[in-house]
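> can't give you the sequence, but here's the structure:
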C-alpha cells in the first residue's frame, strides 16, 4: 500500500542501495553517483517543491519518516536526501522568477547550501555581486544549485542567493570522522553576479514562509540519527544473538552477563522508540504550517535536541557492549556509532539553546 506521495515506500528501495554502497561512500568521502540518482529518483528533491514547478508539496511527517528509513542503511545518504528536500524548500522562498530558474529543467534538482551569513554581497545593477566561502555543504559535489547566505555592507540582516552549478567552485575540505559519505565540502564564490530574482531576505524563512524555519530546522537533522540508531539496534541484536549462541552471557563466564545484554536491549530500544515519538509529534506540528504557535516552536526545538540525546545514549550503550568485533572497520555498527555522534554536533540539535528558548516562555511550559 502506497501512502502519501509514496516517498516512504521508495525510500525503502533507496535504503538497500545506499546500504550496499555505504562503504564506498565512506572511502570516497562522498555519495556514489548511483545513490544520488536513486535519491533524486525517489522524490526527495521534489518533495517540498511547489506544484506549479513539478513538485508535490509533501508533508513534513512523510519527509521525516522517509529520511529515517534511508538512514537505516546509510546515514550519509539519508542526510543528503534531507538536504535535497530542505534546501529545495528554502529555494521556494525565492521570487517566482528565481524559482522558475531553479526548476527550469524539472523538480528533481539537487539544491544544497548554507544559511550561515559567511559571505558578502554588494548591490549591482539588476542584482548583487556575491563573494565568500561556506564550509560543510553536504552533497555539494553532486549539486545542481547552491543557496548561500551573505551580509550586506552597512546593513542589518542577511540575504540568500541562489547560484547555478557553474557559478561556484567546490573545495575538497571534508575530513570528518563521522558522516564521511556526505561529502560536506566547501563552496567558494568569487565576485559572482546574482540577479535580484534569485535573492531573498533571509528573514523570509522565519516570518514569510509556510512555517518558521526554527520550528523545522532540527527536523532536517534528527531523523537521520533516528534511522541510524534503528540500524545500529538491528546490527547489535543480530551480532549479540550470535554471541549468545556461542556461549556468551553465561553465569561465571567472561564478558557481560545475560542480564546486561537484556538491559541494554530494553533500554536502548526504548530510548529509540521515545525519540521516534518526539519526532513524530514535531513533524505533525510542523504540518500545521502558519498556524504553529511560538510555544509549539519552542517545544519542537526542545524535542529535536532531546530526541537526539536519547539516540546518542542508545547507540553509545549498544556500541559499548558490542565487543571487539563491533569496533572492526568491517562492521557497519561502528559507522552507525560515529554517524549518530557526528549528527548530534549539529547546531540545530544543541540542547542548551533549546532549553533556553523553551524555559524563557512560561506559556510554552504550560503548553507542554
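That came through, no problem. Predicted model only: the values in this text are computed from it and were never measured.

> hey, which helix is longest across the protein?
Using DSSP state H, we find that the single longest helix of the chain is helix 258-286.

> same for it, what does it pack against?
helix 60-71, helix 213-216, helix 222-245, helix 294-320 (3 or more CB pairs under 8 Å, 6 or more residues apart in numbering; DSSP states H and E). All C-beta spots, glycine's among them, are computed from the backbone N, C-alpha and C.

> what's the angle from it to helix 222-245?
160 degrees (axes from the mean of the first three to the mean of the last three CA atoms, to 10 degrees).

> pLDDT on helix 258-286, on average?
In this model, helix 258-286 has an average pLDDT of 96.

> can we start the residue count at 344 from this point?
Let's use 344 as the start, then, which means that last one is helix 601-629.

> one step back: can you say which of the helices and strands packed on helix 601-629 is nearest to residue 434?
With CB to CB as the criterion, residue 434 lies closest to helix 556-559 of these, at 13.2 Å.

> how distant is the closest one from the center of its chain?
13 Å (CA atoms, centre = their mean, to the nearest Å).

> confirm residue 437 sits in a helix?
No - assessed with DSSP: H, G, I helix; E, B strand; the rest coil, residue 437 is coil; it does not lie in a helix.

> and the closest residue to it other than its chain neighbours, what's its pLDDT?
The spatial neighbour of residue 437 that comes closest, neighbours along the chain excluded (CB to CB, 6 or more residues apart in numbering), is residue 543 at 5.3 Å. pLDDT recorded at residue 543 is 95.

> for residue 543, which three-state class applies?
strand.

> what of residue 503?
Quick answer, by three-state DSSP: residue 503 is strand.

> report the contact partners of it.
433, 436-437, 458, 490-492, 542-545, 547-548 (CB atoms under 8 Å, 6 or more residues apart in numbering).

> so what sits opposite it in the bridge?
residue 492, residue 543 (DSSP bridges).

> coming back round to it: mind listing what's buried in the longest helix of the chain?
604, 607-608, 611-612, 614-615, 618-619, 621-626, 628-629 (16 or more other CB atoms under 10 Å).

> do the same with stretch 503-518
503-507, 510-511, 513, 517.

> could I get those as CSV with pLDDT?
Shown next, in CSV, are the buried residues of stretch 503-518 (pLDDT from 0 to 100):
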residue, pLDDT
503, 97
504, 98
505, 98
506, 98
507, 98
510, 98
511, 98
513, 98
517, 97
